[in-house]
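Have a look; sequence and predicted model below, questions after that.
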Amino acid sequence: MRGINTLILLALPLAAISSWQAWGHHAFSAEFDAKAPVTLEGKVTRVEWINPHAWIHVAVVQPDGSVKDWMVEGGTPNTLLRSGINRDSVPIGSEIKVRGYESKDKTCNPACKANGRDLTFADGRKAFMGSSGTGAPKDGADPRDR
């Protein structure tokens with residue numbers, strides 16, 4: 001009986017950490033709109049290489065000359081690494097193009113949000129940055145969907 005109690009005590013912190021991570025992770029449809037595709041072109045202002053999703057912040061110049069800040073959610077850092085993207089692949093100030101889907105919340109406060117599907121670098125290189133298996137539309141961007 002003592003061994004079982006010890007095992008339970010050792011497992012409790014692991015269970016607490018695991019439940020916190022599951023709570024922080026969300027399905028695509030909980031936050032993003034599959035019927036609102038968006039293409040963003042602009043300069044990278046910040047990269048957050050964090051779990052459960054990495055974020056690339058992009059300053060997009062609007063037709064009237066104003067700048068709109070966007071936060072583009074990618075997959076986990078591990079998913080991005082397997083797609084050929086690392087924390088140094090997208091330097092601050094670099095020009096990128098991201099195709100993805102807008103957030104359901106259109107308030108854009110403090111920035112507009114989108115889920116990124118594919119990323120195109122200024123030199124034409126492309127990488128998949130989406131997060132498969134979360135309910136995002138299967139649009140051919142994820143090589144595993146083919």
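That came in fine, so what should we check first?

Leaving out the residues flanking it, which one is nearest to T45?
Using C-beta to C-beta, 6 or more residues apart in numbering and skipping the chain neighbours, the partner closest in space to T45 is H57 (4.6 Å). Where you see a C-beta, it was placed from the backbone N, CA and C, and this is true even at glycine.

The one you found bridge partners, please.
R46, M71 (DSSP bridges).

That one contacts K43, correct?
No - using C-beta atoms under 8 Å, H57 makes no contact with K43, being 9.6 Å away.

any idea where the helices of the chain begin and end?
Ranges of helices within the chain are 2-24, 28-31, 77-82, based on DSSP state H.

ok now the shortest one, how far from the chain's centre?
Think helix 28-31. Centre-to-centre, helix 28-31 and its host chain are 12 Å apart (C-alpha atoms, centre = their mean, to the nearest Å).

what about the residue nearest to T45, how many neighbours?
Counted with other C-beta atoms under 10 Å, residues neighbouring H57 total 17.

show me where pLDDT drops low in the chain?
Filtered on pLDDT under 70, the chain yields the residue ranges 1-26, 131-146.

hey, C-alpha coordinates of stretch 105-119 in CSV?
Coordinates of the C-alpha atoms in stretch 105-119 are reproduced here as CSV (Å, rounded to 0.1, in the frame of the first residue of the first chain):
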residue,chain,number,x,y,z
ASP,A,105,-12.5,38.1,-32.5
LYS,A,106,-12.2,41.1,-34.9
THR,A,107,-11.5,43.7,-32.2
CYS,A,108,-7.7,43.7,-33.0
ASN,A,109,-6.8,44.7,-29.5
PRO,A,110,-3.9,44.9,-28.9
ALA,A,111,-3.3,43.4,-32.4
CYS,A,112,-5.3,41.5,-35.0
LYS,A,113,-4.8,37.7,-34.8
ALA,A,114,-4.6,35.0,-37.4
ASN,A,115,-3.7,31.4,-37.6
GLY,A,116,-0.9,31.0,-40.1
ARG,A,117,-0.9,28.2,-42.6
ASP,A,118,2.0,28.9,-44.9
LEU,A,119,4.8,31.3,-44.8
